[in-house]
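Asks: the sequence and its predicted three-dimensional model are supplied below.
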Amino acid sequence: MTIAFQPMHDRILVKRIEQEEKTAGGIILPDTAREKPVQGAVLAVGKGAHQPDGTLRPLEVRIGDRVLFGKYSGTEVKMNGEEYLILRESDLMGVIEE
């Protein structure tokens, strides 16, 4: 999926990855009982963070990475009817290896 959005500096555009709708015991959870997912797919990345000496430090995450972030991290935005998150690289807890 291509998004016409370019994050600035060390920001990242993420699409939340929805979790299972039922528990391990087979109980189906209604929308109101489910928590927001804390995993997402990176759709776009900024050019990098500016260092105090003026150099540009490129981001470690790449488009397509699956990442883990805090429950209340980032800013939620809606574009073309879809919901996304804009996060700083420092908001990420890590990249999930598959």
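Replies: Okay, I see it. Please read all numbers here as calculations on a predicted model, not as lab measurements.
Asks: which parts of this protein are helices?
Replies: In the chain, no helices are found when defined by DSSP state H.
Asks: which residues are in contact with the residue positioned nearest the centre of it?
Replies: In the chain, the residue lying closest to the centroid (Cα atoms, centre = their mean) is V14, at 3.1 Å. Counting by Cβ atoms under 8 Å, 6 or more residues apart in numbering, V14 touches 40-43, 67, 69, 74, 84-87. C-beta: built from backbone N, CA, C; applies to glycine.
Asks: for it, which non-adjacent residue is closest in space?
Replies: Spatial nearest neighbour of V14, chain neighbours left out: G40 (3.8 Å); criterion: Cβ to Cβ, 6 or more residues apart in numbering.
Asks: that neighbour touches V67, doesn't it?
Replies: Yes. Taking contacts as Cβ atoms under 8 Å, G40 lies within contact range of V67: 5.8 Å.
Asks: ok, how many other residues are close to the residue nearest to V14?
Replies: By other Cβ atoms under 10 Å, 23 other residues sit near G40.
Asks: for F5, same thing?
Replies: Number of residues near F5 (other Cβ under 10 Å) recorded here: 13.
Asks: what sits against it?
Replies: Residues near F5 by Cβ under 8 Å, 6+ apart: 13, 44, 79.
Asks: who does the helix or strand bottoming out on mean pLDDT in the chain pair with, and is each partner parallel or antiparallel?
Replies: In the chain, the helix or strand scored least confidently by mean pLDDT, DSSP states H and E is strand 49-50, which has a mean of 87. If you go by DSSP bridges, strand 49-50 pairs up with strand 56-57 (antiparallel).
Asks: what does the partner strand contact?
Replies: Contacts for strand 56-57 (Cβ under 8 Å, 6+ apart): 47-51.
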